[in-house]
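Asks: Give the three-dimensional model of this entry:
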Amino acid sequence: MILLKASKRRKSFRSNRTQHNPKIYLRTPRIKARREVPYRSIFIFTFVVIFAGFIIYGMFFSGYFAIKNIIIINNKNVTQKQVEEVISPVRYNNFTFNNILFFRSNKASELLLNNLQQLRSVEITKKLPNTIKINVDERLPSLIWQTGDKKYLVDNEGEVFSEYNPDKAQNLPIVIDLTKKNVQVKQKILGVSFVDFVQNLTNKLPQKTGVNIDSIVIKETPFEIEVKTKEGFSIFFNTSRDLDTQITYLVRVLEEVNKNGMSNKYLDYIDLRLPDKIFYKYK
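Replies: Residues are numbered from 1 along each chain as shown. Down below sits the predicted model:
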């Protein structure tokens, strides 16, 4: 009986040890699935790279967008060569190299206005794939302004826009300013009414009187001018008064001189500046 109880105790002890020290079982390893090759992503990436390559080639290397035509509109004195030379730095720089897509119209307009002083305004438009249109508004010279030994071109608004170039013959009236005031390019020195008066005088005087202008002189103020004629006498005009009325009086004086058996070569001057009186003097 004693042995039996001991055996039961051992059995019970082993049972307790089994409960406190369970066996450890490993998890069943997962079977890894094979990674699929992303053919779609590779195709899209390859397509994008090729497409971008075509775009870059077409934009920069094919010459399709290279500027080939420069059309100038409304130019009279400005030449094609002058315009192309001025905008050349914009066309042929290190980056754009004559590519119309990267042609800086604002910069080209700025260069034209700064270098071609006879331009009043410039408008540049691009016409793809290779044409640029440049619409210009020119300052047309109306008279030559002389002060001291310098001569300038003045437009119809009375603004000096460039120095006079004697190599370019221009049939313009010469106004000599004896006050010798300083003049700068892009400076407005005369009123529009004075410029109109001089232009009309230049056209009408030879037509209505046969008298030809040699030069126009300002001694003190632009409101009074002395016209030196090629016939050798002077005519004084008031630029604030109506020109046609003064020319009408001038015709009467010349007719009276001829009636008296005298010719224009004996005249010293005719003064038309006063509204109610005319003075003339022989040499």
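Asks: neighbours around residue 199, how many?
Replies: A count of nearby residues for residue 199, using other CB atoms under 10 Å, gives 15. All C-beta atoms are positioned from the backbone trio N, CA, C, and that covers glycine.
Asks: what about it, which SS state?
Replies: Secondary structure, DSSP: H, G, I helix; E, B strand; the rest coil: residue 199 is helix.
Asks: Distance check, it against residue 143.
Replies: Separation of residue 199 from residue 143 (CB to CB, to the nearest Å) stands at 7 Å.
Asks: Now do the shared contacts for these two.
Replies: Residues within reach of residue 199 and of residue 143 at once, by CB atoms under 8 Å, 6 or more residues apart in numbering, are residue 173.
Asks: State the mean pLDDT of stretch 181-193.
Replies: Here stretch 181-193 scores 91 as its mean pLDDT.
Asks: Next, the buried residues of it.
Replies: Across stretch 181-193, burial judged by 16 or more other CB atoms under 10 Å covers 183, 189, 190.
Asks: From what I see, the first one and residue 148 are in contact.
Replies: What that stands for is residue 183. No. In this structure residue 183 lies outside contact range of residue 148 using CB atoms under 8 Å: 9.2 Å.
Asks: Now do the helices in the stretch 51-200 of the chain.
Replies: Ranges of helices in the stretch 51-200 of the chain, per DSSP state H, counting those that start in this stretch, are 80-91, 105-115, 192-209.
Asks: Make CSV out of the ones you listed and add distance to residue 279.
Replies: Formatted as CSV, these follow (distance: least, CB to CB, whole Å):
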stretch, distance to residue 279
helix 80-91, 50
helix 105-115, 48
helix 192-209, 17
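Asks: and of these, who's closest to residue 259?
Replies: helix 192-209 (15.5 Å; CB to CB).
Asks: Centre of the chain to the following helix or strand past that closest one, how far?
Replies: Sequence order places strand 213-218 as the next helix or strand after helix 192-209, per DSSP states H and E. Taking CA atoms, centre = their mean, to the nearest Å, one finds the center of strand 213-218 at 34 Å from the center of the full chain.
Asks: same question, stretch 255-268
Replies: Relative to the chain's own centre, stretch 255-268 is displaced by 54 Å; criterion: CA atoms, centre = their mean.
Asks: what about residue 122, neighbour count?
Replies: 21.
Asks: Quick check: it vs residue 231, distance?
Replies: Using CB to CB, we find residue 122 at a distance of 44 Å from residue 231.
Asks: How about residue 127?
Replies: 56 Å.
Asks: Could you check which of those two is surrounded by more residues?
Replies: The residue with more neighbours, out of residue 127 and residue 231, is residue 231; 14 against 11, by other CB under 10 Å.
Asks: Could you find the closest non-adjacent residue to the more buried one?
Replies: Of all residues not flanking residue 231 in the chain, residue 264 sits nearest, at 4.8 Å (CB to CB, 6 or more residues apart in numbering).
Asks: what sits against the closest residue in space to residue 158 that isn't next to it in sequence?
Replies: Spatial nearest neighbour of residue 158, excluding adjacent residues (CB to CB, 6+ apart): residue 190 at 3.4 Å. Residue 190 makes contact with 145, 154, 158, 222 under the criterion CB under 8 Å, 6+ apart.
Asks: what's the closest of those residues to residue 75?
Replies: Checking the contacts of residue 190 against residue 75 by CB to CB gives residue 154 as the nearest, at 20.0 Å.
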